[in-house]
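In: the following block contains a protein sequence and its predicted model.
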Amino acid sequence: MLENIQKLCKERGIKVSHLEKELGFGRGAMYKWDVNSPSIDKVQKVADYFKVSMDRILYGFDYTEFVNMVNYVKENRTIEQFSKETGVDLNELYKICLGLTFNPPSLEVVEKIASSNPVDFIVSRDDLLEAAGYVNERRGGGNTRKMIDVLSDQFEKAGFSVRFENEDHYEKVYIDHEDQTVQSMFLHEFIDIGESILEALKEKYKKYEPKTIAAHHDGEDWTEEELEDIKQFKEFVRSKRKQQE
């Protein structure tokens with residue numbers, strides 16, 4: 001179970017200690033779960049946090065969903081016929097179809113089952129992969145990358161710069177404004193609440209931006225176009241300074 005939780009933590013860019021703190025568990029408590037099984041309500045809290053099924057926490061994949069999907073793909077075929085047409089070992093397929101194994105299927109097995117699927121318009125290859133615990137790049141990672149790019153662009157247009165740094169194998173995000181870091185968070189927090197953070201920062205700094213610029217230019221009055229030119233020039237100087245550091 002601990003290994004499954006660690007995998008989910010890595011995908012979200014957080015540490016197990018951070019998860020324990022978020023859920024109100026004692027420090028190091030989860031590292032004992034492989035020896036002393038936790039209560040169902042604690043497992044459910046972890047599942048709710050990651051928005052996954054309890055099966056994903058307990059077994060590392062959506063056991064119940066995967067079994068149901070495979071039997072749906074099998075349709076009216078016998079398990080022997082299904083084994084012959086997919087190339088999956090008969091004994092292994094028996095265990096999957098009858099729900100007798102709690103070990104995640106190999107990628108090869110999932111692909112073989114997907115290759116002999118007469119109902120792929122209902123249960124797709126992607127569905128099988130995700131239920132089996134494999135991150136799908138098109139539906140998972142691809143969408144996440146697009147979301148990160150969109151959010152980053154929104155921050156840049158609002159006058160903030162976004163930095164991504166890997167710390168102890170976990171992705172962290174830093175929001176900079178006027179040569180200083182104004183916000184830091186884990187990557188999953190950036191994805192989940194990035195828009196609300198941006199709105200809060202825009203509200204906070206819009207009050208000070210005109211004063212700050214005016215103070216740097218002897219209190220003179222500037223047009224919006226001139227202020228934009230000054231801002232762009234400052235960004236240019238700032239980028240040169242960073243290159244020289």
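Out: Sure, I can see it. Note that this is a predicted model, so its numbers are computed, not measured. Numbers count the residues shown, from 1 in each chain.

In: pLDDT score assigned to the residue lying closest to residue 62 once chain neighbours are set aside?
Out: Distances taken as C-beta to C-beta, 6 or more residues apart in numbering put residue 131 closest to residue 62, at 4.4 Å, once the chain neighbours are dropped. C-beta here means a position set from N, CA and C on the backbone, and glycine is covered the same way. Note on residue 131: pLDDT of 91.

In: quickly list the domain ranges of this protein.
Out: 2-59, 63-135, 136-205, 208-245 (automatic domain parsing).

In: let me see the contact set for the residue nearest to residue 62.
Out: Counting by C-beta atoms under 8 Å, 6 or more residues apart in numbering, residue 131 touches 61, 62, 65, 66, 69.

In: where's the nearest residue to the first one once chain neighbours are set aside relative to residue 86, distance?
Out: What that stands for is residue 61. Distance criterion C-beta to C-beta, 6+ apart; nearest residue to residue 61, sequence neighbours excluded, is residue 133 at 3.4 Å. Distance, residue 133 to residue 86, by C-beta to C-beta, to the nearest Å: 19 Å.

In: ranges for the strands of the protein?
Out: All strands of the chain, identified by DSSP state E, fall at 161-167, 170-177, 180-186.

In: okay, the ones you listed, which one's buried deepest?
Out: When the strands of the chain are scored by mean count of other C-beta atoms under 10 Å, the highest mean neighbour count falls to strand 170-177 (a mean of 18).

In: partner strands of that strand, with direction?
Out: strand 161-167 (antiparallel), strand 180-186 (antiparallel) (DSSP bridges).

In: contacts for the last one?
Out: Think strand 180-186. 12-14, 18, 160, 170-176, 197, 201, 205.

In: report the mean confidence score over it.
Out: Rounded mean pLDDT across strand 180-186 is 84.

In: how about low-confidence regions in this protein?
Out: Of all residues in the chain, those with pLDDT under 70 make up the ranges 135-144, 167-170, 207-223, 226, 236-245.

In: let's go with 50 and repeat that
Out: Low-confidence segments of the chain (pLDDT under 50): 137-139, 210-211, 213-216, 218.

In: before we move on, the earlier item: residue 111: which of the strands of the chain is closest?
Out: Checking the strands of the chain against residue 111 by C-beta to C-beta gives strand 170-177 as the closest, at 29.0 Å.
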